[in-house]
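*Asks:* Give me coordinates for this.
(one chain, ligands or ions: 2)
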Amino acid sequence: MSLIQFKNVSHYYGGKAAVKDLSFEIEDKKITAIIGKSGSGKSTLLQIINGLIKPTGGSVYVFGNPLDYSNIYKTRLKIGYSVQGTGLFPHMSIYNNIAVLGKITNVPKHDIERRIDTLMSFVNLPPSFKTKYPYQLSGGEQQRVGICRAMLLDPPVFLLDEAFAALDPETKSEIHTELLDMQKAEPRTIVIVTHDLNEAVKLADNIMFMQDGEIKQYGSKKDVLNNPASVSVKDYMDNRAL
Ligand SMILES: Nc1ncnc2c1ncn2[C@@H]1O[C@H](COP(=O)(O)OP(=O)(O)OP(=O)(O)O)[C@@H](O)[C@H]1O
Ligand SMILES: [Mg+2]
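*Replies:* Ligands and ions are numbered 1, 2, ... in the order given. Predicted coordinates:
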């Protein structure tokens, strides 16, 4: 069984389904990109994976078991989550921002220090930044700190929701490369929601296309790009031509 599996999962807001009867597995240790128009249910799906949203119906299996909503905090420690805008604590140094989950879970100090050095070098942040504060960093640097924070406990699953959307193309491209390098060194199951087809093509092994809360196509990147399953998938691709 893969780390993430949905069986007949639906979530309704009022009478309207944000996601409809979704059944799928995410391939372990690969990068899956979820694409689709605004409002198609991408963020809802991602938040169902980490238990931020308890779906109206169906079963969500993460790490081989149905999500236990009464003890979701424990599961969430094993799921990195990064969204647009980094959510860094402004009054805390970069080091302390990255260290947060390590301190909460009583990881020995020198293990935290070693892990932070490794992560900062992955994303090309100089060690001198540890004593700086978020306001002293550029948007791209802050986003990198956000990645380090999400990766501190080496979570087997990493979810990104439009995490790089606000970055300029050059910075975005650099972070993509860093993420791919990190994935090579520490393979994990990554699900990335993006509006940016270039980003999906650069990063993903698999692509899931959503429309109106349903999965219209899901397969290897090559398959989805070469054989769009419907006119709506093809139109989406064509309108965002590379
Ligand atoms: N808290 C909420 N209350 C009511 N409706 C919601 C809520 N959150 C999402 N929705 C609705 O559910 C649907 C799916 O939303 P979702 O945020 O998952 O879309 P999305 O694909 O991530 O869109 P975007 O690309 O704009 O981020 C939309 O119709 C949205 O209006
Ligand atoms: Mg969204």
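
*Asks:* Ligand 1 contacts on the chain?
*Replies:* Within reach of ligand 1 by Cβ under 6 Å from any ligand atom, the chain has these residues: Y13, A18, G36, S38, G39, S40, G41, K42, S43, T44. Just so you know, the C-beta spots here come from the backbone N, C-alpha and C atoms, and that holds for glycine as well.

*Asks:* Which of the helices or strands spans the closest residue to I53 other than its chain neighbours?
*Replies:* Counting by Cβ to Cβ, 6 or more residues apart in numbering, I53 lies nearest to Q47, which is 4.3 Å off, once chain neighbours are set aside. Taking DSSP states H and E as the criterion, Q47 maps to helix 42-49.

*Asks:* what does that helix contact?
*Replies:* Residues outside helix 42-49 that contact it (Cβ atoms under 8 Å, 6 or more residues apart in numbering): 4, 6, 9, 11, 18-19, 22, 34-36, 53-55, 60, 62, 79, 157, 159, 161, 191, 193, 210, 213.

*Asks:* repeat for stretch 97-109
*Replies:* Residues from elsewhere that reach stretch 97-109, judged by Cβ under 8 Å, 6+ apart: 77, 88-89, 92, 111-112, 115-116, 119-120, 134, 145, 148-149, 152-153.

*Asks:* Mind picking the two most distant members of those?
*Replies:* Across these, the longest distance by Cβ to Cβ is 23.8 Å; it joins D111 and P134.

*Asks:* more neighbours, the two?
*Replies:* Neighbours of D111 and P134, each counted by other Cβ atoms under 10 Å, are more numerous for P134; the result is 19 against 10.

*Asks:* nearest spatial neighbour of the more buried one, skipping sequence neighbours?
*Replies:* That would be L88: by Cβ to Cβ, 6+ apart, it lies 4.3 Å from P134.

*Asks:* same check, this time on F164
*Replies:* K172 (4.9 Å).

*Asks:* Got a PyMOL select line for the buried ones in the contacts of helix 42-49?
*Replies:* A single PyMOL command is used to select the members of those judged buried by 16 or more other Cβ atoms under 10 Å:
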select buried, resi 4+6+9+11+18+19+22+34+35+36+53+55+60+62+79+157+159+161+191+193+210+213
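
*Asks:* so of the contacts of helix 42-49, which ones are in strands?
*Replies:* Judged by DSSP state E, those include 4, 6, 9, 11, 18-19, 22, 34-36, 60, 62, 79, 157, 159, 161, 191, 193, 210 as members of strands.

*Asks:* ok so, going back, can you tell me which of the residues of the chain next to ligand 1 are buried?
*Replies:* Using 16+ other Cβ under 10 Å as the burial test, those include A18, G36, S40, G41, K42, S43, T44 as buried.

*Asks:* Would you check that T171 makes contact with L137?
*Replies:* No. The criterion here is Cβ atoms under 8 Å, and T171 misses it with L137 at 12.0 Å.

*Asks:* on that earlier part again, the residue nearest to I53: neighbouring residues, count only.
*Replies:* For Q47, the neighbour count with other Cβ under 10 Å is 19.

*Asks:* Which pLDDT value does the model give it?
*Replies:* Note on Q47: pLDDT of 97.

*Asks:* so the lengthiest helix in the chain versus strand 157-161, what angle?
*Replies:* Counting residues, the longest helix in the chain under DSSP state H turns out to be helix 169-185. Put simply, helix 169-185 runs at 170 degrees to strand 157-161, going by axes from the mean of the first three to the mean of the last three Cα atoms, to 10 degrees.

*Asks:* Thanks a lot, catch you later.
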